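# Please find the sequence and the predicted model below.
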Amino acid sequence: MTSSYSDKSGSVEHAVNKAKDAIGGMAGKASAGMTTNADDFVEKAAISDRYEIAAAQVALERSQAQPIREVAQVMIDDHRTNTQRLEAAISRSQKVAARDVPHGLDSRRADMLEHLREAPADKFDETYVDQQKLAHEEAVSLMRNYREDGDCPELRSFAEAASRVVEGHLDRMKQLSREYS
């Protein structure tokens, strides 16, 4: 009797976490699509990369599916490269300083990461892919908007290059979504 109750409780908690992630992702995408200020862009881009790397590390620890593990390694490699490119653009910029780059996650992404860690084993891959779709839709919105309307040429150039990377990631997550959702 206790086991059945805890299974149902875990399913409900997972569903609530999934809904919270989706709502947060929609709000994040809307905010990202309006970002034109260099300081805001750098904060959002840096946190996005940090989240992608951290979530991919969890996927490498928890997933048994080879396609998920492969894409997680690509996420780590590509987002580390993105972080280096962002830092280089910041160093060439007059609008923002390296000391202004956040070194952690915001509360929304920290919650998403916790939800990923807590996902039931049989729902882990689906949770990872769902979160990655949300995160990459937000990143695509951020990069596209900033490359077109951003206030710093060096960061607009970074956003242009990063757009291609995150758009490719989003396409891959959409493919995986058909397999794992």
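Right, received. Where do you want to start?
# Check which helices and strands the longest helix seen in the chain is in contact with.
Longest helix in the chain by number of residues, with DSSP state H as the criterion: helix 2-32. When contacts are defined as 3 or more C-beta pairs under 8 Å, 6 or more residues apart in numbering; DSSP states H and E, helix 2-32 sits against helix 107-118, helix 124-149. C-betas here are computed from N, CA, C, even on glycine.
# In CSV: these, plus mean pLDDT.
Output for the helices and strands packed on helix 2-32, formatted as CSV (pLDDT from 0 to 100):
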stretch, mean pLDDT
helix 107-118, 96
helix 124-149, 97
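# Mean neighbour count, those helices: which tops it?
helix 124-149 (a mean of 22; mean count of other C-beta atoms under 10 Å).
# Flag every buried residue along whichever helix or strand comes after that one.
Next along the chain after helix 124-149, taking DSSP states H and E as the criterion, comes helix 153-180. Of all the residues in helix 153-180, those buried under the rule 16 or more other C-beta atoms under 10 Å are 154-156, 158-159, 162-163, 165-166, 169-170, 172-173, 176, 180.
# can you give me the offset of helix 153-180 from its chain's centre?
The gap between the average C-alpha position of helix 153-180 and the chain average comes to 10 Å, counting by C-alpha atoms, centre = their mean, to the nearest Å.
# Give me the mean pLDDT for that helix.
Averaged across helix 153-180, the pLDDT comes to 96.
# Run through who's touching stretch 110-125.
With contact meaning C-beta atoms under 8 Å, 6 or more residues apart in numbering, stretch 110-125 is reached by 10-11, 13-14, 17-18, 20-21, 24, 51, 54-55, 58-59, 62-63, 65, 68, 104-105, 127-128, 131, 135, 180.
# got the CA coordinates for that stretch in CSV?
Output in CSV follows, covering the C-alpha atoms of stretch 110-125 (Å, rounded to 0.1, in the frame of the first residue of the first chain):
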residue,chain,number,x,y,z
ALA,A,110,18.6,25.7,-10.6
ASP,A,111,15.0,24.4,-10.1
MET,A,112,15.0,22.8,-13.6
LEU,A,113,18.3,21.1,-12.8
GLU,A,114,16.9,19.8,-9.5
HIS,A,115,13.8,18.6,-11.4
LEU,A,116,16.1,16.7,-13.8
ARG,A,117,18.0,15.1,-10.9
GLU,A,118,14.8,14.1,-9.3
ALA,A,119,13.1,12.7,-12.4
PRO,A,120,12.1,9.1,-12.1
ALA,A,121,14.5,6.7,-13.9
ASP,A,122,11.8,5.7,-16.4
LYS,A,123,11.1,9.4,-17.2
PHE,A,124,14.6,10.8,-17.1
ASP,A,125,15.3,10.8,-20.9
